[in-house]
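Asks: Got a sequence here, can you model it:
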Amino acid sequence: MSARSDRARRTPVARHGILRSPNPLLQVLTVLGAIVAVAVISVSAVGAFAVWDAARAVEAAGVSIGDDDSQLPPSIGEIEGGVNLLLVGTDSCDGANAALSGACQNGDTEGERNDVTMLVHISDEPRRVTVVSFPRDMIVPIPSCTGEDGRQYSAMSAQMLNVSYMYGGLSCSVATVKKLTGIDIQFAAAIRWTGVINMSDAIGGVQVCLSDPIKDDHTGINWPAGERTLQGVEALQFLRIRHGIGDGSDLGRISNQQQFMSSLVRKLQSDGVLANPGTLLNLATTAVKQVNDGQLVLSKSLANPQKMVQIAMAVKDVAYEDIVFVQYPTVYAEGGLRVQPVLSDAAVLFDALANNQPLQLTGSTSDGYGTEVVGEATKPDAGATATPAPTETAAPDAGTGATEAPAPTETSVALPSTVTGQNAAQVTCTVAQR
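Replies: Alright, predicted model coming up:
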């Protein structure tokens with residue numbers, strides 16, 4: 001029996017801690033929007049000095065992940081080559097974060113863990129973006145790590161992924177994902193809960209879709225079916241819900257988050273955000289405030305305003321179809337309490353990324369049956385008629401009348417069905433727990 005069919009036959013127990021999962025890509029995509037804001041505002045000379053001066057303060061707070069690049073790039077333009085950026089969302093009980101978690105209030109926590117872990121891969125030309133979500137309860141080896149306080153942690157052969165941050169901070173989470181994937185990670189960021197609320201407020205909300213009425217006592221959600229614009233506490237509730245959707249597992253929660261992120265990408269690339277100097281300035285200053293307040297931690301390699309601008313400029317015009325959100329393939333273990341990585345299927349994904357090949361999703365949008373596809377989105381300018389650029393026609397071959405053959409198109413890599421997910425063009429809706 002295949003891992004996929006075996007999973008479908010079993011109802012996962014998924015006894016994870018309640019309300020422990022923030023979503024870092026909300027903040028980081030809005031931070032990237034803020035970074036683009038810095039670029040746009042700087043180029044247009046509208047408020048450039050204020051934003052740039054505030055952003056420079058971010059550099060001093062950078063955390064070393066072992067491969068830092070402290071040299072400033074010579075100019076503001078797209079970053080050269082590809083980018084791998086690890087994003088983690090932690091379950092901190094520090095300050096205002098404690099009030100957002102029943103586990104914090106009950107004392108049912110141990111350390112600060114990375115309950116959300118995502119790898120953002122930006123390819124070299126042609127630009128594509130792939131966001132890989134790693135289930136927090138996936139059993140993986142964790143290498144020896146050194147914490148920010150200098151404490152040494154021994155290597156462990158089989159632990160849940162989400163303890164890597166507790167054992168060694170951001171650098172340990174980076175090392176763990178490097179070991180699992182073989183991917184070199186140049187940049188990293190760690191984010192806490194209150195940043196979700198602040199950044200969603202700054203962007204003015206993100207629209208999501210509910211196929212069914214959703215009710216969940218753990219998050220306090222009791223919403224009717226239909227479209228809903230989320231910001232503030234409601235955005236946080238939606239990103240953390242799992243009991244009221246799909247199969248009630250963390251895997252279903254990941255697909256719910258992917259719906260949110262796809263909608264967020266479409267909003268960030270729309271004229272409503274990137275063409276609005278006031279919104280951009282608000283995003284930029286809010287993002288900087290999250291760093292100053294300790295809600296957003298950046299690696300030293302990322303805590304460089306010019307480098308952040310270069311990364312943002314590389315992704316701001318990527319087509320919706322080439323922004324893909326996937327979940328690392330897993331199979332249930334320990335009676336549904338944990339998941340194990342399916343390394344052979346993951347290798348297909350990471351080999352395609354290494355070779356900069358377009359991805360073709362063959363599985364469902366959700367490993368936990370949390371979402372369904374209801375439509376397809378196009379960029380606002382996709383329907384505009386543009387004057388085609390003049391093309392150069394090859395001279396006919398003497399005596400044959402033949403012309404130059406068109407360049408071959410790229411062949412997509414069909415991912416195994418265990419690699420579930422969606423692209424930013426797919427409009428999905430959340431499905432209630434059956």
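
Asks: Buried residues of stretch 313-333, list them for me.
Replies: By neighbour count on 16 or more other CB atoms under 10 Å, the buried set for stretch 313-333 is 313-316, 318-320, 322-330, 332. Just so you know, the C-beta spots here come from the backbone N, C-alpha and C atoms, and that holds for glycine as well.

Asks: Chain neighbours aside, what residue packs nearest to F350?
Replies: T181 (5.7 Å; CB to CB, 6 or more residues apart in numbering).

Asks: I'd like the next helix or strand past the helix or strand where L239 lies.
Replies: Assessed by DSSP states H and E, L239 sits inside helix 233-240. Later in the chain than helix 233-240, the nearest helix or strand by DSSP H and E is helix 250-268.

Asks: between that next one and helix 233-240, how many degrees?
Replies: 130 degrees (axes from the mean of the first three to the mean of the last three CA atoms, to 10 degrees).

Asks: Restrict helix 250-268 to CA atoms and write it as CSV.
Replies: Extracted in CSV, the C-alpha atoms of helix 250-268 (Å, rounded to 0.1, in the frame of the first residue of the first chain):
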residue,chain,number,x,y,z
ASP,A,250,-1.7,20.7,11.2
LEU,A,251,-1.5,19.5,7.5
GLY,A,252,-4.9,21.1,6.9
ARG,A,253,-3.9,24.2,8.7
ILE,A,254,-0.9,24.6,6.3
SER,A,255,-3.2,24.6,3.2
ASN,A,256,-5.4,27.1,4.9
GLN,A,257,-2.4,29.3,5.4
GLN,A,258,-1.5,28.8,1.7
GLN,A,259,-4.9,30.2,0.8
PHE,A,260,-4.2,33.3,2.9
MET,A,261,-0.6,33.7,1.4
SER,A,262,-1.8,33.4,-2.2
SER,A,263,-4.4,36.1,-1.6
LEU,A,264,-1.8,38.2,0.1
VAL,A,265,0.6,37.9,-2.9
ARG,A,266,-2.2,39.0,-5.2
LYS,A,267,-2.9,42.0,-3.0
LEU,A,268,0.8,43.0,-2.7
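
Asks: Quick one: mean pLDDT for it?
Replies: Mean per-residue pLDDT for helix 250-268: 88.

Asks: for stretch 311-320, same thing?
Replies: 81.

Asks: same check, this time on stretch 90-108
Replies: What stretch 90-108 shows for mean pLDDT is 64.

Asks: Dihedrals phi and psi, G375?
Replies: As for G375, its main-chain torsions (degrees, to the nearest 10) stand at phi -180, psi -170.

Asks: V427 too?
Replies: Per degrees, to the nearest 10, the backbone of V427 is at phi -90, psi 120.

Asks: Please verify my assumption that it contacts T378.
Replies: No - counting by CB atoms under 8 Å, V427 does not reach T378; the two are 10.5 Å apart.

Asks: Which one's more surrounded, those two?
Replies: V427 (17 against 12; other CB atoms under 10 Å).

Asks: Am I right that K307 is in a strand?
Replies: No - per DSSP: H, G, I helix; E, B strand; the rest coil, K307 lies outside any strand segment and is helix.

Asks: so how many other residues sit close to it?
Replies: Neighbour number of K307 under other CB under 10 Å is 22.

Asks: just for the chain, where's the confidence low?
Replies: 1-61, 67-77, 92-109, 193, 195-196, 271-285, 287-288, 304-306, 309, 380-409 (pLDDT under 70).

Asks: so where do the helices sit in it?
Replies: Listed in chain order, the helices found in the chain under DSSP state H are 3-9, 24-44, 48-56, 102-106, 164-181, 193-203, 233-240, 250-268, 271-274, 277-292, 305-315, 343-354.

Asks: where along the stretch 51-200 of the chain do the strands fall?
Replies: 83-90, 114-122, 129-134, 139-142, 145-146, 152-153, 156-160, 187-191 (DSSP state E, counting those that start in this stretch).

Asks: mind checking how far the nearest residue to R128 once chain neighbours are set aside is from G62?
Replies: Spatial nearest neighbour of R128, excluding adjacent residues (CB to CB, 6+ apart): D322 at 4.3 Å. Applying CB to CB, to the nearest Å, the value for D322 to G62 is 30 Å.
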